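**Q** this one's structure only:
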């Protein structure tokens, strides 16, 4: 269990991200608060990934500001992100985690213990010495999670973690996410799977064409959507 | 630079300079001609000298022109070549201390058994060269400012031929050493001027034989000089002089005379001939 | 080296002169590869990861330098190391050290250019992850170099092949001195010019056998490594 940290709240203040003439995020104002997972949903291309990158600190806003715990320019020491198709280093699974521990500055003496704990957490202890590139899609996703958790983050960003996984693997990943959240780590996750959103969300933020169309707690969003876009999306229709 | 970089630089320097350590032992660099190497003379002489004095003689075999240039640059301690005019010029420029005659051998005109120019068996090199030019028979020239090349050019001059102007496609300048010239002559059935020593130890003769020999103008004198330490302080003058002294000593001269291939003597010692 | 023996007889009889020539060839070429790697790998990685003005021009130059003519390098190094040249005080001309320097100059661009290509490709794959892990430039470079190690070994082998095969540079700066700076390639050149072609051919086959052996060794090491790490 961890105490609430100075990373949060993460506040977007009029954040716009543009690349040339294309606007990817348009005037986003949002606060990510400690507590249950925040799920970003919306059609493909709505800006979910970009929003996660900005929140992680990988991408600077073209306009507006973003602050972590009230401060701008906080280095991502206590934040971690898992990409949709995570890159596996050409080493064993355990070595991948060791690499993340080293990168996070965890003292060498603790590596063995932490590697074991993390592999256990994600259910990969029996594959510790397998080449990471030879793991299945679901196993790689879980390893990426373990890598992200190696730095003991206060906030964990996940970009469509189960998009390419079968139901068994999806369940495994979702279970880990729940466990992580119970340890007081703030999870901010993008998904286009409504069922997954229902299963995991504490809050929902819906994006469409780079804008927030609706943001509410899960119960309110799913049972009483306010906007036309939200209603269309929840009804399973194409939102153009 | 940080600690790792410093260690790497030291290791790199160690690699590069490792072969250098042996240079601190007694050794000299002798710039010489390809004929003394290719004939095997040095292979015969140097072990004797080393056994007697413990001095390692490192021979860099280049053509005479290049050997003298190497000495001018201070990259050799002793120079041992066979082109008296060029050696005297070297001395007059102040790069050498003193010239000692050491030995002589002779040049021979090598040519194909079929003898297209009709010169085989002649004792007149000048007439032979004239015939080769008349008939346009293929001729290989060293073309590399070596002692042999300079001797060849001189013979054309004596024959009254301005070879630079009068050469044709039959005259092929290859710019390489004696062995390469003989290889080329063998491959293209051409005439070539060679020193007897290299010819005797040359294995790839093909259809080549000696066409002309015995002309006094084919005489080939070798001289040795210490590079002037006043021009290049790095010259190892004491052990360099030791080598020269040994070459002209009775022992060295006898060693030269004793060198034979198939019973035939290659070089004739003449250090005592002060006019040589 | 006895000139009446064929190369095979020399090998079988363990002729010391032949073995010292082989040892010198390996010493010079392997040393050159090591030094070239120490220069080329960090340089290639740095160019791969850094944006600077004129970067494309530098990459083109680096690729072009892979084709540096050995004789030209030999001449340049010769003039530099000559007693009359800028580095003459070191007395390196006509020593194995000079040969190592010349071959390092030849091989370093090959290793740098191939490293740059490999690291740049890998960076595209790893960029997000390594940036998200908040790695500094040194951390990124070491991570990429380690992960690219198999491709880099191939680059080293390419460099070794170039070094072991060339004769133009080392014959100029080494002087082909018997027992001191005579390597396999310069010995082959010499025996050819002396007309002893069977011996030259034999030496050539020995040289090829050695180069093949080095490559086979590296290949085996690579396979074993790949099995461990994928």
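**A** Alright, I've got the coordinates. As the structure is a prediction and not an experimental result, all values here were calculated from the model.

**Q** drop to CA atoms for contacts and neighbour counts, all remaining ones
**A** Fine.

**Q** Count the residues that sit near the residue in the stretch 1-150 of chain B that chain C sits nearest to.
**A** In the stretch 1-150 of chain B, no residue comes nearer to chain C than residue B:16, which is 4.2 Å away by CA to the nearest CA. Residues near residue B:16, counting by other CA atoms under 10 Å in any protein chain shown, number 21.

**Q** Surely it touches residue C:102?
**A** No - look at residue B:16 against residue C:102 with CA atoms under 8 Å: they stay out of range, at 10.6 Å.

**Q** now the nearest residue to residue B:227 once chain neighbours are set aside: how far from residue B:156?
**A** Nearest residue to residue B:227 in three dimensions, chain neighbours excluded: residue B:96, at 4.6 Å (CA to CA, 6 or more residues apart in numbering or on different chains). Using CA to CA, to the nearest Å, we find residue B:96 at a distance of 29 Å from residue B:156.

**Q** Looking at those two now, which is surrounded by more residues?
**A** Ranked by neighbour count (other CA under 10 Å), residue B:96 and residue B:156 place residue B:96 first, with 26 against 18.

**Q** Can you list phi and psi of the more buried one for me?
**A** Phi and psi for residue B:96, reported as degrees, to the nearest 10, are phi -120, psi 160.

**Q** which residues does it contact?
**A** B:90, B:225, B:226, B:227, B:228 (CA atoms under 8 Å, 6 or more residues apart in numbering or on different chains).

**Q** give me the element the first one is part of.
**A** Pointing back at residue B:90 there. Residue B:90 belongs to helix B:84-92 when assigned by DSSP states H and E.

**Q** ok, the next helix or strand after that helix: who's next to it in the sheet?
**A** Sequence order places strand B:96-112 as the next helix or strand after helix B:84-92, per DSSP H and E. Sheet pairing for strand B:96-112, assigned by DSSP bridges, gives strand B:191-195 (antiparallel), strand B:208-212 (antiparallel), strand B:219-227 (antiparallel), strand B:268-269 (antiparallel).

**Q** so can I have CSV of these showing mean neighbour count, distance to residue B:69 and mean pLDDT?
**A** Below are those laid out as CSV (neighbours: other CA atoms under 10 Å in any protein chain shown; distance: least, CA to CA, whole Å; pLDDT from 0 to 100):
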stretch, mean neighbour count, distance to residue B:69, mean pLDDT
strand B:191-195, 27, 22, 93
strand B:208-212, 21, 32, 94
strand B:219-227, 24, 11, 93
strand B:268-269, 22, 26, 92
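
**Q** Put together JSON lines for those, with distance to residue B:68 on each row.
**A** Listed next are the strands paired with strand B:96-112 as JSON lines, based on distance: least, CA to CA, whole Å:
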{"stretch": "strand B:191-195", "distance to residue B:68": "19"}
{"stretch": "strand B:208-212", "distance to residue B:68": "29"}
{"stretch": "strand B:219-227", "distance to residue B:68": "10"}
{"stretch": "strand B:268-269", "distance to residue B:68": "22"}
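
**Q** Quick check: mean pLDDT of the lengthiest helix in chain B?
**A** Taking DSSP state H as the criterion, chain B has its longest helix at helix B:3-18. Averaged over helix B:3-18, pLDDT sits at 77.

**Q** Buried residues, that helix. List them.
**A** For helix B:3-18, burial by neighbour count (16 or more other CA atoms under 10 Å in any protein chain shown) applies to B:12, B:15, B:16, B:17.

**Q** now the last one, nearest residue through space, not along the chain?
**A** Using CA to CA, 6+ apart and skipping residues adjacent in sequence, the residue nearest residue B:17 is residue C:97, 5.5 Å away.

**Q** Could you report the separation of the one you found from chain A?
**A** 37 Å (CA to the nearest CA, to the nearest Å).

**Q** do the same with residue B:232
**A** Distance, residue B:232 to chain A, using CA to the nearest CA: 57 Å.

**Q** For the nearest residue to that residue once chain neighbours are set aside, grab the count of nearby residues.
**A** In space, residue B:232 comes closest to residue B:74 once its chain neighbours are excluded; the distance is 5.6 Å by CA to CA, 6+ apart. Residues lying near residue B:74 (other CA under 10 Å) number 24.

**Q** in terms of contact, does residue B:74 touch residue C:83 like I think?
**A** Yes - counting by CA under 8 Å, residue B:74 does reach residue C:83; the two are 5.4 Å apart.

**Q** which residues do these two both contact?
**A** Counting by CA under 8 Å, 6+ apart, residue B:74 and residue C:83 have no common neighbour.

**Q** can you give me the helices in chain C?
**A** Ranges of helices in chain C, per DSSP H, are C:7-12, C:16-49, C:55-65, C:70-81, C:96-132, C:137-147, C:149-165, C:168-174, C:184-193, C:197-229.

**Q** Quick one: closest of those to residue A:49.
**A** helix C:96-132 (12.4 Å; CA to CA).

**Q** From the chain's centroid, how far away is that closest one?
**A** 13 Å (CA atoms, centre = their mean, to the nearest Å).

**Q** again with stretch C:151-161
**A** 8 Å.

**Q** so which of the strands paired with strand B:96-112 comes closest to residue C:133?
**A** strand B:219-227 (65.0 Å).

**Q** Which SSE is immediately downstream of the closest one?
**A** Next element after strand B:219-227 (DSSP H and E): helix B:237-248.

**Q** Moving along the chain from that next one, name the first helix or strand you hit.
**A** helix B:250-258.

**Q** For the helix or strand following that next one, which strands pair with it and how are they oriented?
**A** Heading C-terminal from helix B:250-258, the first helix or strand you meet, by DSSP H and E, is strand B:260-261. Here strand B:260-261 is paired, per DSSP bridges, with strand B:264-265 (antiparallel).

**Q** I am finished for the moment; much appreciated.
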